[in-house]
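Trainee: The amino acid sequence is not available; the structure is as follows:
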């Protein structure tokens, strides 16, 4: 519990460690903090922002979506104008939208919210950012940070990790309507988490013991060993610049339109004309490198490469060198295969 607090930099936030994917964090926010009919401002910089809005709607909330053009971020002025138009119970920010690789400036957005609409809860979806992007829950006055085990935290998937500020807990405890979820109810989980905090036993549902042990091992490395958190962020930025420079050398464009708003733990790269993701992803896999196709309407036009956690921090593994060599070779193979098909066509 204390190491979870340390990795998101909070002193008094309450962690919730629950079996489930990162999507369960959306359910926790929508079911416990948003009451039916309440407005939520959702910043959408890709597929996952849209999913958060859908989840809020399921529980009776009224999401207002500010949608950025594909590959772009949402400006502070647009957010401030929206906040002045009506009262919002919460604003949701996808720190890194995994579908596009767009990085949102959580610090600046949170400051804008506090200045413009101080009662609005600031909720951060940090599934693709915690552990690889700078995030300071207390200093930036964030109310909820929700994440998952499988990305920057370096643990197999299946553990939803959420940290709620004291203010968020107060809002939950003051709600006027019943929570409309059973498994994701903070009313069920809060006594368990407080017991864990006090190093005593409590039970609501079976915890994923194997994942908790793996999470403990990973957090022990992240929070207690070298490099420090700040140094980890610096290394992620350094490696990110290297991967993005590689894309440029290969004549490829990034999905994020502005590198200042491009994630440091992953890179989304458009493929050359004539190639689609299925031409490249299997070829990379044959070389021992797992990457992903895009998501959404343009999913076949680009690929997504993760570079976070151990693959970045432990340079002796040589993972980034392998990615660079494999990507160049896979692109050449795919182009040659397409060329051969054209030449053979009568």
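Mentor: Good, I have the coordinates. These numbers were taken from a predicted model, which means no experiment stands behind them. Numbers count the residues shown, from 1 in each chain.

Trainee: name the element residue 123 belongs to?
Mentor: strand 121-125 (DSSP states H and E).

Trainee: again, but for residue 338
Mentor: Applying DSSP H and E as the criterion places residue 338 in helix 319-344.

Trainee: Return the set of buried residues in that helix.
Mentor: 319-320, 323-324, 326-327, 330-331, 334 (16 or more other C-beta atoms under 10 Å). Heads up, the C-betas are built off the backbone N, CA and C, glycines and all.

Trainee: Relative to residue 7, which of those is nearest.
Mentor: Of all the buried residues of helix 319-344, residue 7 sits closest to residue 319, with 21.8 Å by C-beta to C-beta.

Trainee: In terms of pLDDT, where does the closest one sit?
Mentor: On pLDDT, residue 319 comes in at 97.

Trainee: do residue 66 as well
Mentor: 98.

Trainee: Same question for residue 338.
Mentor: Reported pLDDT for residue 338: 87.

Trainee: residues contacting it?
Mentor: 274-275, 279 (C-beta atoms under 8 Å, 6 or more residues apart in numbering).

Trainee: Among those, name the buried ones.
Mentor: Neighbour-count burial (16+ other C-beta under 10 Å) is assigned, among those, to 275, 279.

Trainee: Can you flag which of the contacts of residue 338 belong to helices?
Mentor: If you go by DSSP state H, the contacts of residue 338 have residue 279 in helices.

Trainee: Assign the closest residue to residue 157 other than its chain neighbours to helix, strand or coil.
Mentor: Leaving aside its chain neighbours, residue 157 sits nearest to residue 150 (3.8 Å; criterion: C-beta to C-beta, 6 or more residues apart in numbering). Classification of residue 150 by DSSP: H, G, I helix; E, B strand; the rest coil places it in coil.

Trainee: which parts of the strand holding residue 123 are buried?
Mentor: Using 16+ other C-beta under 10 Å as the test for burial, strand 121-125 gives 121-125.

Trainee: cool, stretch 13-32 as well?
Mentor: Residues of stretch 13-32 classed as buried: 13-20, 22-32 (neighbour count, 16+ other C-beta under 10 Å).

Trainee: outside of the strand holding residue 123, which residues touch it?
Mentor: Taking C-beta under 8 Å, 6+ apart as the rule, strand 121-125 contacts 22, 25-26, 29, 33, 48-49, 52, 89-95, 106, 109-110, 113-114, 135, 140-147, 167-168, 171.

Trainee: in the stretch 201-346 of the chain, which segments are predicted with low confidence?
Mentor: Low-confidence segments of the stretch 201-346 of the chain, defined by pLDDT under 70: 341-346.

Trainee: Okay, strands next: where are they in it?
Mentor: Per DSSP state E, counting those that start in this stretch, the stretch 201-346 of the chain carries strands over the ranges 266-270, 292-293, 302-306.

Trainee: domains for this structure, by residue range?
Mentor: What automatic domain parsing lists as the domains of the chain is 2-224, 229-344.

Trainee: of all those domains, which gets the most neighbours per residue?
Mentor: Across those, the average number of neighbours (mean count of other C-beta atoms under 10 Å) peaks for domain 2-224, which reaches a mean of 19.

Trainee: before we move on, back to that, strands paired with the strand holding residue 123, and their directions?
Mentor: Strand 121-125 has the following sheet partners, assigned by DSSP bridges: strand 90-94 (parallel), strand 144-148 (parallel).

Trainee: a markdown table for those, including distance to residue 302 and mean pLDDT?
Mentor: Putting the strands paired with strand 121-125 into a markdown table (distance: least, C-beta to C-beta, whole Å; pLDDT from 0 to 100) gives the following:
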| stretch | distance to residue 302 | mean pLDDT |
| --- | --- | --- |
| strand 90-94 | 18 | 98 |
| strand 144-148 | 23 | 98 |
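
Trainee: and of these, who's closest to residue 130?
Mentor: Of all these, strand 144-148 sits nearest to residue 130, with 4.1 Å by C-beta to C-beta.

Trainee: Quick one: list the elements packing against the following helix or strand past the closest one.
Mentor: Using DSSP H and E, the helix or strand that follows strand 144-148 in sequence is strand 159-164. On a contact count with 3 or more C-beta pairs under 8 Å, 6 or more residues apart in numbering; DSSP states H and E, strand 159-164 meets helix 2-8, strand 14-19, helix 23-32, strand 144-148, helix 209-224.

Trainee: Need the ones you listed in JSON lines (columns: distance to residue 268).
Mentor: Supplementary listing: the helices and strands packed on strand 159-164 in JSON lines, determined by distance: least, C-beta to C-beta, whole Å:
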{"stretch": "helix 2-8", "distance to residue 268": "25"}
{"stretch": "strand 14-19", "distance to residue 268": "29"}
{"stretch": "helix 23-32", "distance to residue 268": "20"}
{"stretch": "strand 144-148", "distance to residue 268": "19"}
{"stretch": "helix 209-224", "distance to residue 268": "25"}
